[in-house]
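>>> Make a model of this:
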Amino acid sequence: MLDHLTVVSHPLVLHKLTIMRDKGTSTASFRQLLREISLLLAYEVTRELPMTTRRIETPMCEMDAPAIEGKKLALISILRAGNGLLDGILELIPAARVGFVGLYRDPETLKPVQYYCKVPDQLEDRITIVVDPMLATGNSSVAAIDLLKAKGAKEIRFLCLLAAPEGIARMREAHPDVPIVTAAVDDHLNDHGYIVPGLGDAGDRLYGTK
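All right, here's what the predicted structure looks like:
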């Protein structure tokens, strides 16, 4: 069982994250670095998968070789910035089933509002990995996981690039059964709900928008 919070402090992750934080890093470089880091984080979030064996024949002999058991993983991107992590993970797990949850924050209530949801079937039989670069207030992540559980998902893991203590606490309160894997836990949220020191708006930096 993964811990509730796993911080991946690998030197390559830390180095690439430092470049991403730099406001002078270009959109193209930011996008490439996020893809590279997502591969490294994906190794950690998939560390404990159910395994079985299957009979194969190598060029030398037959053997019982290890293989992942069960239905293919489900990767769920929280739009739009989640797609930056999703692209890299799919390089590592190309057979995974993919879904998308679209949420925006209502300016009056500050609560997440769903505008899109398309997810794989049979979530109850799949390990589901939810991806979003930033775990800030945690409201969108909690809402997305609420939605996935309502659709039958039972074993869910959350993968992000950066997390704030407030978001971690919100997730632990709402979904203590969902482990979080991240590259770093930053200091706090500012008055606008951005992670500090953070790296700004991940979606804007990923796609070159303001």
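>>> show me the contacts for L147.
V101, Q114, C117 (Cβ atoms under 8 Å, 6 or more residues apart in numbering). Bear in mind the C-beta positions are built from the backbone N, C-alpha and C, glycine included.
>>> Now do the helix ranked longest in the chain: which elements does it pack against?
Counting residues, the longest helix found in the chain (DSSP state H) is helix 27-45. Using 3 or more Cβ pairs under 8 Å, 6 or more residues apart in numbering; DSSP states H and E, the elements in contact with helix 27-45 are helix 11-21, helix 82-92, strand 155-159, strand 180-182, helix 202-207.
>>> For A136, which of these is the nearest?
When the helices and strands packed on helix 27-45 are compared by Cβ to Cβ, helix 202-207 sits nearest A136, at 9.8 Å.
>>> Next, the buried residues of the closest one.
Buried positions in helix 202-207, judged by neighbour count with 16 or more other Cβ atoms under 10 Å: A202, G203, R205, L206.
>>> swap in stretch 153-173?
Neighbour-count burial for stretch 153-173 [16+ other Cβ under 10 Å]: 153, 155-164, 166-168, 170-171.
>>> and if you look at stretch 71-85?
73-85.
>>> what is the orientation angle of the longest helix of the chain with helix 11-21?
For helix 27-45 against helix 11-21, the angle by axes from the mean of the first three to the mean of the last three Cα atoms, to 10 degrees is 150 degrees.
>>> Restricting to C-alpha, output helix 27-45 in CSV.
Presented in CSV, the C-alpha positions along helix 27-45 are these (Å, rounded to 0.1, in the frame of the first residue of the first chain):
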residue,chain,number,x,y,z
THR,A,27,6.7,27.3,-23.1
ALA,A,28,8.4,24.6,-25.2
SER,A,29,10.9,23.8,-22.5
PHE,A,30,8.2,23.8,-19.8
ARG,A,31,6.1,21.4,-21.8
GLN,A,32,9.1,19.0,-22.4
LEU,A,33,10.2,19.1,-18.8
LEU,A,34,6.7,18.3,-17.6
ARG,A,35,6.6,15.3,-19.9
GLU,A,36,10.0,14.1,-18.6
ILE,A,37,9.1,14.5,-15.0
SER,A,38,5.7,12.8,-15.5
LEU,A,39,7.6,9.6,-16.6
LEU,A,40,9.7,9.7,-13.4
LEU,A,41,6.7,10.3,-11.2
ALA,A,42,4.7,7.5,-13.0
TYR,A,43,7.3,5.0,-11.9
GLU,A,44,6.5,5.9,-8.3
VAL,A,45,2.7,6.0,-8.6
